[in-house]
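**Student:** Take this sequence and fold it.
(chains A and B)
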There are 2 protein chains.
Amino acid sequence: MKASVLFSGGKDSSLSALLLEPFFEIELVTCNFGLLPTGEVAAKTARELHFSHRVLSLERNILEKAYQMIVSDGFPKNAINYIHEKAVETLASDPKVKFVADGTRRDDRVPVLSTAQVRSIEDRFGTQYICPLKGYSRKAVNILVERYLVIEEGPSESTQKADYETELRELIRQKQGEEKIRELFPEHIQSHALARKERLLK
Amino acid sequence: MKASVLFSGGKDSSLSALLLEPFFEIELVTCNFGLLPTGEVAAKTARELHFSHRVLSLERNILEKAYQMIVSDGFPKNAINYIHEKAVETLASDPKVKFVADGTRRDDRVPVLSTAQVRSIEDRFGTQYICPLKGYSRKAVNILVERYLVIEEGPSESTQKADYETELRELIRQKQGEEKIRELFPEHIQSHALARKERLLK
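**Tutor:** Sure, this is the predicted structure:
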């Protein structure tokens, strides 16, 4: 029974894969629009976590539409949610994929799918969408991460990551320059998984 | 790292414990008001699943208040939610308990705690509340149950269980007779875990 886990290289998607691992055969999947080699960054992280990994190419017009959304809104929430919806949808539409998972936590607001979006995807494709961390607070996630993963954390500008934001920032940089990125994205701390702590479980 | 999993003997709380087992030391906890030996029913199920188990006695006035709620409302939702809140709160208030978990699924409406109730419990007691199935649909839960557990299912009247409903029904029977139970509880299918399927994981 295989689960395809959307993977940014951050602590949440990494922990999500760890929690599923005893029950599913895990493949990590990183979405890429062809603007930056985020797939390679994520593939290296996946190797260090001993998970199999592949890159899912998403259509460039998804990123273009997200760009229009963020510029029009002035903040990233709707644009990131839009990309996430398309990522889950694209992965779920693969007939070989039966379970799509991601790293959404209980308190997450972005990216998060609505109940209607989830039901629509599950009904159309017969694929189940699982959020292993949905019943965990940020604090509970941090306790498990501390126990099972080695991570580095830093400001979103400088931390190597392979999330949707990375290429969306790049598109904004190409079209409007660095300054516009700082205007649209609040500075926040991001995490990057480096390795498993090979401790005994529990 | 110990997790205390509220346990009714049904498939959801059983699966919840299985999902946490690789990462936590599990103790199953069954709440009892002293009206029926639900703790013994649950203890037997726990033994068959190879989990440690204990009974948590809840104050009888919680059940009395729930009885007043269901009689006044004419339906069980608020009464069951009230008992559940008190159960989570009582367990979380034990200084030795750091993680309280239950079997709440994504689509569950009863019992379910509100965001405010969860935050209040976590803040007051420093205990984390985890719902391992919160990111799983009913269908995904059923697929995992089929894979890892032997269960029996039947109408709520005849299935041996140790959930809050069992003793609430008994209190209604004692005070107002069988007919009143049928008036207040819609008939529904309940499950009871019998054993693990000792298959290789995945």
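
**Student:** Can you get me a residue count around the spatially closest residue to residue A:48 that is not a sequence neighbour?
**Tutor:** Leaving out its chain neighbours, the residue that sits closest to residue A:48 by CB to CB, 6 or more residues apart in numbering or on different chains is residue A:195, at 5.2 Å. Any C-beta I mention is one placed from the backbone N, CA and C, and that applies to glycine too. Neighbour count for residue A:195, taken as other CB atoms under 10 Å in any protein chain shown: 13.

**Student:** which phi and psi does residue A:25 have?
**Tutor:** Dihedral angles of residue A:25 (phi, psi; degrees, to the nearest 10) stand at phi -80, psi 120.

**Student:** Please enumerate the strands of chain A.
**Tutor:** A:2-6, A:25-32, A:52-57, A:99-101, A:128-130, A:149-155, A:189-196 (DSSP state E).

**Student:** Now tabulate those strands in TSV and tack on distance to residue B:147.
**Tutor:** Formatted as TSV, the strands of chain A follow (distance: least, CB to CB, whole Å):
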stretch	distance to residue B:147
strand A:2-6	13
strand A:25-32	13
strand A:52-57	21
strand A:99-101	12
strand A:128-130	13
strand A:149-155	27
strand A:189-196	25
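
**Student:** Out of the ones you listed, which one sits most buried?
**Tutor:** Most buried of the strands of chain A, by mean neighbour count (mean count of other CB atoms under 10 Å in any protein chain shown): strand A:99-101, with a mean of 26.

**Student:** Switch the strands of chain A over to a markdown table; also include mean pLDDT.
**Tutor:** Converted to a markdown table, the strands of chain A look like this (pLDDT from 0 to 100):
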| stretch | mean pLDDT |
| --- | --- |
| strand A:2-6 | 98 |
| strand A:25-32 | 98 |
| strand A:52-57 | 98 |
| strand A:99-101 | 98 |
| strand A:128-130 | 98 |
| strand A:149-155 | 92 |
| strand A:189-196 | 93 |
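
**Student:** roughly how far apart are residue A:196 and chain B?
**Tutor:** 13 Å (CB to the nearest CB, to the nearest Å).

**Student:** what pairs with that residue across the strands?
**Tutor:** Going by DSSP bridges, residue A:196 is paired in beta bridges with residue A:149.

**Student:** residue contacts, it?
**Tutor:** Listed by CB atoms under 8 Å, 6 or more residues apart in numbering or on different chains, the contact partners of residue A:196 are A:18, A:48, A:49, A:50, A:148, A:149, A:150.

**Student:** do that again at 10 Å, thanks
**Tutor:** Applying CB atoms under 10 Å, 6 or more residues apart in numbering or on different chains to residue A:196 gives the contacts A:14, A:18, A:48, A:49, A:50, A:51, A:148, A:149, A:150.

**Student:** wouldn't the first one be in contact with residue A:51 here?
**Tutor:** Yes - if you go by CB atoms under 10 Å, residue A:14 and residue A:51 touch, sitting 8.7 Å apart.

**Student:** Can you show me the helices along chain A?
**Tutor:** Under the criterion DSSP state H, chain A contains helices at A:11-20, A:38-48, A:60-73, A:77-92, A:115-125, A:138-148, A:164-176, A:178-184.
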